[in-house]
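Q: Fold the following.
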Amino acid sequence: MGFFTNKVNPDEIKPGDHIYIWRTLFAYAHHGIYVGENKVIHFNSDQAKATSASGSNLTPQRSNSPDCEFSQPISGHSCGSGSCLCTYYCGFHQPESGVTLSCLNCFLKKESLYLYEYGVSRWMLWSKLRGGTCTTAPSDPPQDVINRAINLLRQPKGSGNYNLLSNNCEDFALHCKTGRMIPSGQVMAIFGVSKILAYLPSTIFNRIR
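A: Predicted coordinates:
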């Protein structure tokens, strides 16, 4: 991991990693949890597309990207594992949830891949040029992270209603990684308080639920 960039190659990430890509000329980042087997669980702002204007459920749409790695579920497959995602297709989400399963290719959309850092020093958090790339909070074990992400994927309401300021894709990934509600670094940077948070005791986030 470099000082100025968290850019990594896809073959460097591991299950349970918090990954992100920059969108719209580095204006903002989209975050997700890599759960292995080239699959990512992330929280989309396109949640509104999961229901019609009348409120009735719509069938989630499979990805039609030529780069998609699993546009169809594996029929007849059952591995008996509680964390198995083999029977899900790329683009799957519950009818009223923005928590979505995608293949890594569809998540990246040909953009570069970046790895979110955990357990960094306050000095490192302060020195980062952009917010939403790291946190002083430690990460939980990878399997706990994956289980949280899969559990939210399977919940009818997922991670709740998407809100750019208080419940966004970074908030989702941070919760999966730590089990806590940690303020989004991107949002804090917009309001100019990310540097202040760098000096707060890390234990303060233990009380934020």
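
Q: This protein: strands as residue ranges?
A: In the chain, the segments counted as strands under DSSP state E are 7-8, 18-23, 28-36, 39-43, 99-103, 113-115.

Q: Now mean neighbour count and mean pLDDT too, for these, in CSV please.
A: Every residue, glycine included, has its C-beta placed from N, CA and C. CSV is the format used below for those (neighbours: other C-beta atoms under 10 Å; pLDDT from 0 to 100):
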stretch, mean neighbour count, mean pLDDT
strand 7-8, 14, 96
strand 18-23, 20, 95
strand 28-36, 23, 95
strand 39-43, 26, 97
strand 99-103, 25, 95
strand 113-115, 20, 97
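
Q: Would you mind giving those as CSV with distance to Asn167 added?
A: Shown next, in CSV, are the strands of the chain (distance: least, C-beta to C-beta, whole Å):
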stretch, distance to Asn167
strand 7-8, 27
strand 18-23, 17
strand 28-36, 13
strand 39-43, 8
strand 99-103, 11
strand 113-115, 22
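
Q: neighbouring contacts of the lengthiest helix in the chain?
A: Counting by DSSP state H, the longest helix found in the chain is helix 142-154. For helix 142-154, contacts defined as C-beta atoms under 8 Å, 6 or more residues apart in numbering pick out 14-18, 33, 35-36, 41, 82-83, 85, 92-94, 97, 99-101, 139, 158-159, 172, 175-177, 179.

Q: What residues of stretch 137-154 count as buried?
A: Buried residues in stretch 137-154, counted by 16 or more other C-beta atoms under 10 Å: 137, 139-140, 142, 145-150, 152-153.

Q: And stretch 111-128, by the same measure?
A: For stretch 111-128, the neighbour count (16+ other C-beta under 10 Å) marks 113-118, 120, 125, 128 as buried.

Q: Name the nearest of these relative to Ala27.
A: For the buried residues of stretch 111-128, the closest approach to Ala27 (C-beta to C-beta) belongs to Tyr114, at 14.6 Å.

Q: Just name the shakiest helix or strand of the chain by mean pLDDT.
A: One helix or strand of the chain scores below all others by mean pLDDT, DSSP states H and E: helix 194-197, with a mean of 47.

Q: Helices along this structure, start to end?
A: Secondary structure of the chain by DSSP H: the helices cover 104-108, 122-127, 142-154, 169-178, 185-190, 194-197.

Q: Tell me which of the ones you listed sits nearest to Glu69.
A: Closest to Glu69 of those is helix 104-108 (C-beta to C-beta; 5.6 Å).

Q: Which strands or helices does the closest one pack on?
A: Applying 3 or more C-beta pairs under 8 Å, 6 or more residues apart in numbering; DSSP states H and E, one finds that helix 104-108 makes contact with strand 18-23, strand 28-36, strand 39-43.
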